[in-house]
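> Build me a model from this:
(chains A, B and C)
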Amino acid sequence: MKKSLMALAFLGAFAGVAHAQTAVQIYGNLDAGFIKDTDKTLSIGKRAANTLGFKGTEDLGNGLKALFQLEIRYEPDTGTVESNSRPLFQGQSRVGLQGDFGMVRLGRGLTPMQETIGAFEPWHGLPTSAGFYTDVEVAGYTSQPLDPAGSSNNRWSNGFWYNSPANLWGGFQVNAAVATKEANGGAALVGTGTSTAPQYPANSEASANPFSLSATYNNGPVSAMAAYERNAVETKFWSLGGAINATPDLKLMATYARQDQGHTFAFNPRTKAWVLGAQYSVGPGKVLAGIGSKNPDGAPKTKQFSLGYEYSLSKRTYVYVDASRKKDITGATHLLSNPSTVNHYDVGVNHSF
Amino acid sequence: MKKSLMALAFLGAFAGVAHAQTAVQIYGNLDAGFIKDTDKTLSIGKRAANTLGFKGTEDLGNGLKALFQLEIRYEPDTGTVESNSRPLFQGQSRVGLQGDFGMVRLGRGLTPMQETIGAFEPWHGLPTSAGFYTDVEVAGYTSQPLDPAGSSNNRWSNGFWYNSPANLWGGFQVNAAVATKEANGGAALVGTGTSTAPQYPANSEASANPFSLSATYNNGPVSAMAAYERNAVETKFWSLGGAINATPDLKLMATYARQDQGHTFAFNPRTKAWVLGAQYSVGPGKVLAGIGSKNPDGAPKTKQFSLGYEYSLSKRTYVYVDASRKKDITGATHLLSNPSTVNHYDVGVNHSF
Amino acid sequence: MKKSLMALAFLGAFAGVAHAQTAVQIYGNLDAGFIKDTDKTLSIGKRAANTLGFKGTEDLGNGLKALFQLEIRYEPDTGTVESNSRPLFQGQSRVGLQGDFGMVRLGRGLTPMQETIGAFEPWHGLPTSAGFYTDVEVAGYTSQPLDPAGSSNNRWSNGFWYNSPANLWGGFQVNAAVATKEANGGAALVGTGTSTAPQYPANSEASANPFSLSATYNNGPVSAMAAYERNAVETKFWSLGGAINATPDLKLMATYARQDQGHTFAFNPRTKAWVLGAQYSVGPGKVLAGIGSKNPDGAPKTKQFSLGYEYSLSKRTYVYVDASRKKDITGATHLLSNPSTVNHYDVGVNHSF
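Presented below is the predicted three-dimensional model:
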């Protein structure tokens, strides 16, 4: 029987508090620093993505758990949501169940490929220009080509995720996601069409369900990965990676990736990329180093070399400094409007909470 | 005397923590599932509104309390705020006082009519297409016709709310709200004017103060409601409803509603609607069933039949499945551009925190 | 060595909870009331800025602390972010370190001048029309003239802040901030140029680094301040202020300020302003009174007189009522399109949490 409205207001609004207090954890991080790029003014910006999140789990009995996670992404230098254009919960918004079978989730989040490859990158997969993750390591690939211009490149809306348990078959884990074909309101993508008859008109549905697969292997000092993804315009991406703790203080890592845009590019659809990286710990400090290359068919090749240092003030707070050089290497007949070499320097602080 | 700025910064920014920790409760829910509608691609979406809220009360002594509530609404499948267009605190943003006299609040929230009628609907007033609340039950009525296009239909900005105590006169409760005439930046509403001289030009103020009244009665297995509301363009709406727990497991409910748009419609201003519903509990499961009709003067009549099932995994988490058919029944000479019958199916999970 | 993805998901997403729970404090306030201004309809709005914030500190040892603060600003009458246009974390988004040397922070927040001068204003620096802070006290000056139209007037993005300890040299504190020249996406500012060749085209960088300095002095019943600021279009602002607790219940205060827009105004670049104020406590009540004047060269002079009363229901909740008159006093040949006198009345409630 319906409770009275007043009682409802109280139950809905002010009771239920006992469980609320224990069910929600707030977490996040704030990273800001000074950045200087070639031909740009000194700026204040970020090295890591900035988050403010809310999450929780509920024990359902029999080893089953319900879980949710909502993660705001923002720009600390201007106070806006990420890029002043992305969804409020750009980080992720997912609900799911977890048990002996692994974990299933629905909503928006990183694709399994993007999540896996970022973990084999010497800058921890951070979006900084000093790192390799957002451009070089993924060979220029984007997971959401039909989404609006302000979207990021590595997430799916309207996705369904599955993660196996961590120690499937002695060290293996498999991760998979598939997204619906739903239109997300993006601009037209010309592709193999024309500007008046684009291959994907504005607000197109996907021509095939995007899917993403990754497998990881962990055994003592060795880890490895393989990933495959196909996005909404049927671009195909695969990657292999490996890492080894050569000594307790030295970790070496490498990834190789290929992107095939044959569905939307009439010519030169392939891009190859590789990244080699190292992390070397010295007391509370860690030296990061990486070199990488992105090589699109018939377009300038990108080469990047980066060096960084992180110094931990505590478990939750570290300061950092990076220097990086990114070069576009072109054939003799190729003209570039952008500067062919960009040097990047940053120094800042990262605080987790 | 003014404290030093440093002290201020610390008092303002980092002290006051002791009370903050006890004063704010975080709550919400995340609901996502698969949806398939006639002639649409399979999608991931919601059945319930999704919320992340912050609320609290303060004991002022003598039975008086101060209270506040701020409630974010969002879309978990894309991570945006609700409909990617609504206010951040679409759920509500209100502050008020509460005591023996009842509760008074200022801000933005559901109108008393909308809150009351939603509680007599078999899908708990959820916004899913399987339910009757957002369209059929309210006879197509909107509480905020002069607000911007992205606004919802059942809330007021700039409102003042009063709720009586729950057990006024043995089972009765009365609820009332009134809004200011303030313009909210909406588009023009042609009404009885012309497109060049609309009855309500863009960013119009209300022509009369919107108000909303509802009364509920609860006595053992029986509950009943009556509600009346007038919006900013003087559309009038009234509704009657009743519910009975026929057995401990079976609840039956019905509402009847009329909308009168005589102030803005030169012809056929009236719409009538009714909904009959049932909820039947079987262990941790609940079967939902409903049938309803919306009948606008001189326009196609809508008929809807829905069947659903909810299964509780815990007090805070349930899974659900729904099937629904909605039909536009037209006179012989009436042409429709939309499909005359839409079938809706969904399956998903709802987790509260 | 890389942890497995599943383990990462759990560590990243669901562990780390122990510290999260203690590291983040939620705080804020909700202020709403009725407002009536000359020639405007009765409205519901705010007297104070409305906030919902997240903040925390971490002890790094040796007297050093890391700190962060993220503060949402919103409009409770409509549920939107502040002005339905400002950044999500309009209040502030800063990270920093604090120790014996004082405090350094990076991000977005009030300038030191704006923070200091607001504390010498009889309405506590609140943005209400009854107060003097946002217009009269600062002589019409804005700290961010090149930011987008929806921005506030008293904050910086891309800033670096330093606050000295509170008791530097027996009662003195100094505060400083500097911002980068980064473009923030604002509209063109004509200045001494023309509409086709504006002095600052759209999305201009600052022509010089904005900076802001303030010093405060506190000694028993006496406090004083001096502040100087230069914004992105090289407008210069300075101010002096003082306050004295004449009796334990009576506080008197005064500020004087000058703005020099010589860099962008060919004629009449100077504006002067003064405010005199008093606060008188009577039990849980406080009477506020102020008179002020803004006097731009060659433009109408503004005079304002205000009277208010605050009554505390508790430490965290008070009700208020204000009456204010603002007059534009023009020379004989000056024509005004706006009403020359605006009366303002408000009554409402302020609740902190």
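> ok, the nearest residue to residue A:83 once chain neighbours are set aside - contacts?
What sits nearest to residue A:83 in space, not counting adjacent residues and going by Cβ to Cβ, 6 or more residues apart in numbering or on different chains, is residue A:150, at 5.7 Å. Just so you know, the C-beta spots here come from the backbone N, C-alpha and C atoms, and that holds for glycine as well. Residue A:150 sits next to A:83, A:84, A:85, A:86 when contact means Cβ atoms under 8 Å, 6 or more residues apart in numbering or on different chains.
> Doesn't the last one belong to a helix?
No: when classified by DSSP: H, G, I helix; E, B strand; the rest coil, residue A:86 is found to be coil rather than part of a helix.
> Let me know the pLDDT of it.
What the model reports for residue A:86 is a pLDDT of 95.
> how many neighbours does it have?
23 (other Cβ atoms under 10 Å in any protein chain shown).
> ok, now how distant is the closest residue in space to it that isn't next to it in sequence from residue B:29?
Leaving aside its chain neighbours, residue A:86 sits nearest to residue A:150 (5.8 Å; criterion: Cβ to Cβ, 6+ apart). To residue B:29, residue A:150 is 27 Å away according to Cβ to Cβ, to the nearest Å.
> Same question for residue A:42.
With Cβ to Cβ as the criterion, residue A:42 and residue B:29 are 45 Å apart.
> With neighbour numbers in mind, choose between these two.
Set residue A:42 next to residue B:29 and count neighbours by other Cβ under 10 Å: residue B:29 wins out with 20 against 14.
> correct me, but the more buried one touches residue B:351?
Yes: shown here, residue B:29 and residue B:351 form a contact pair, counting by Cβ atoms under 8 Å, at 6.4 Å.
> circling back: which of the contacts of residue A:150 sits closest to residue C:157?
Nearest to residue C:157 among the contacts of residue A:150 is residue A:84, at 10.6 Å by Cβ to Cβ.
> What is the burial count for the closest one?
The number of residues near residue A:84, taken as other Cβ under 10 Å, comes to 16.
> That one: what's it in contact with?
A:75, A:78, A:150, C:87.
> Let's see that with 10 Å instead.
A:74, A:75, A:78, A:150, C:87, C:88, C:148, C:184, C:185 (Cβ atoms under 10 Å, 6 or more residues apart in numbering or on different chains).
> how much space is there between whatever residue of the stretch 101-250 of chain A ends up closest to chain C and residue A:103?
Nearest to chain C in the stretch 101-250 of chain A, going by Cβ to the nearest Cβ, is residue A:166, at a distance of 3.6 Å. Using Cβ to Cβ, one gets 10 Å for the distance from residue A:166 to residue A:103.
> Ok, residue A:215 next?
Applying Cβ to Cβ to residue A:215 and residue A:103 gives a distance of 16 Å.
> And residue A:51, by the same measure?
Residue A:51 is 20 Å from residue A:103, by Cβ to Cβ.
> and if you look at residue A:196?
46 Å.
> Tell me which of these two has more neighbours.
The neighbour count for residue A:196 versus residue A:103, taken as other Cβ under 10 Å, is higher for residue A:103 (21 against 7).
> re earlier: for ChimeraX, what selects the buried ones among the contacts of residue A:84?
Here is the ChimeraX command that selects only those of the contacts of residue A:84 that count as buried (16 or more other Cβ atoms under 10 Å in any protein chain shown):
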select /A:74,75,78 /C:87,88,184
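> With secondary structure added, can I get the contacts of residue A:84 in JSON lines?
Shown next, in JSON lines, are those (three-state DSSP):
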{"residue": "A:74", "secondary structure": "strand"}
{"residue": "A:75", "secondary structure": "coil"}
{"residue": "A:78", "secondary structure": "coil"}
{"residue": "A:150", "secondary structure": "coil"}
{"residue": "C:87", "secondary structure": "coil"}
{"residue": "C:88", "secondary structure": "coil"}
{"residue": "C:148", "secondary structure": "coil"}
{"residue": "C:184", "secondary structure": "coil"}
{"residue": "C:185", "secondary structure": "coil"}
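> What about the residue nearest to residue A:159 when sequence neighbours are not counted, how many residues nearby?
In space, and not counting its chain neighbours, residue A:159 is closest to residue A:179: 4.4 Å by Cβ to Cβ, 6+ apart. For residue A:179, the count of nearby residues is 26 (other Cβ under 10 Å).
> now residue A:291
The burial count for residue A:291: 17, using other Cβ under 10 Å.
> How about the helix or strand where it lies and chain C, any contact?
Using DSSP states H and E, residue A:291 sits in strand A:285-296. No: on the criterion Cβ under 10 Å from any Cβ of the partner chain, strand A:285-296 is out of touch with chain C, staying 14.2 Å away.
> in that strand, what's buried?
So for strand A:285-296, counting by 16+ other Cβ under 10 Å, buried means A:286, A:287, A:288, A:289, A:290, A:291, A:292, A:293, A:294, A:295, A:296.
> cool, and stretch A:95-104?
Buried, per 16+ other Cβ under 10 Å, within stretch A:95-104: A:95, A:96, A:97, A:98, A:102, A:103, A:104.
> Spell out which residues of the stretch 101-250 of chain A are next to chain B.
Checking the stretch 101-250 of chain A against chain B by Cβ under 10 Å from any Cβ, the hits are A:104-109, A:147-148, A:151, A:155-160, A:179-185, A:205-206, A:209.
> Drop anything exposed from those residues.
Applying 16+ other Cβ under 10 Å to these flags A:104-109, A:147, A:151, A:155-160, A:179-184, A:206 as buried.
> Who does residue A:176 form a beta bridge with?
According to DSSP bridges, the residues that bridge with residue A:176 are residue A:162, residue A:213.
> Let's see the pLDDT reported for residue A:328.
In this prediction, residue A:328 carries a pLDDT score of 89.
> for the one 4 residues further on, same thing?
We have a pLDDT of 44 for residue A:332.
> Where do the strands of the stretch 151-300 of chain A begin and end?
Assigned by DSSP state E, counting those that start in this stretch, the stretch 151-300 of chain A shows strands spanning A:155-163, A:172-179, A:211-219, A:222-230, A:236-247, A:250-260, A:270-282, A:285-296.
> Make JSON lines out of these and add mean pLDDT.
Output for the strands of the stretch 151-300 of chain A, formatted as JSON lines (pLDDT from 0 to 100):
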{"stretch": "strand A:155-163", "mean pLDDT": "98"}
{"stretch": "strand A:172-179", "mean pLDDT": "98"}
{"stretch": "strand A:211-219", "mean pLDDT": "97"}
{"stretch": "strand A:222-230", "mean pLDDT": "98"}
{"stretch": "strand A:236-247", "mean pLDDT": "98"}
{"stretch": "strand A:250-260", "mean pLDDT": "98"}
{"stretch": "strand A:270-282", "mean pLDDT": "98"}
{"stretch": "strand A:285-296", "mean pLDDT": "98"}
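> Relative to residue B:117, which of those strands is closest?
strand A:155-163 (31.3 Å).
> which helices and strands does that closest one pack with?
strand A:92-99, strand A:102-110, helix A:112-118, strand A:172-179, strand A:211-219, strand B:25-37, strand B:43-45, helix C:5-13 (3 or more Cβ pairs under 10 Å, 6 or more residues apart in numbering or on different chains; DSSP states H and E).
> go again using 8 Å as the cut-off
strand A:92-99, strand A:102-110, helix A:112-118, strand A:172-179, strand B:43-45, helix C:5-13 (3 or more Cβ pairs under 8 Å, 6 or more residues apart in numbering or on different chains; DSSP states H and E).
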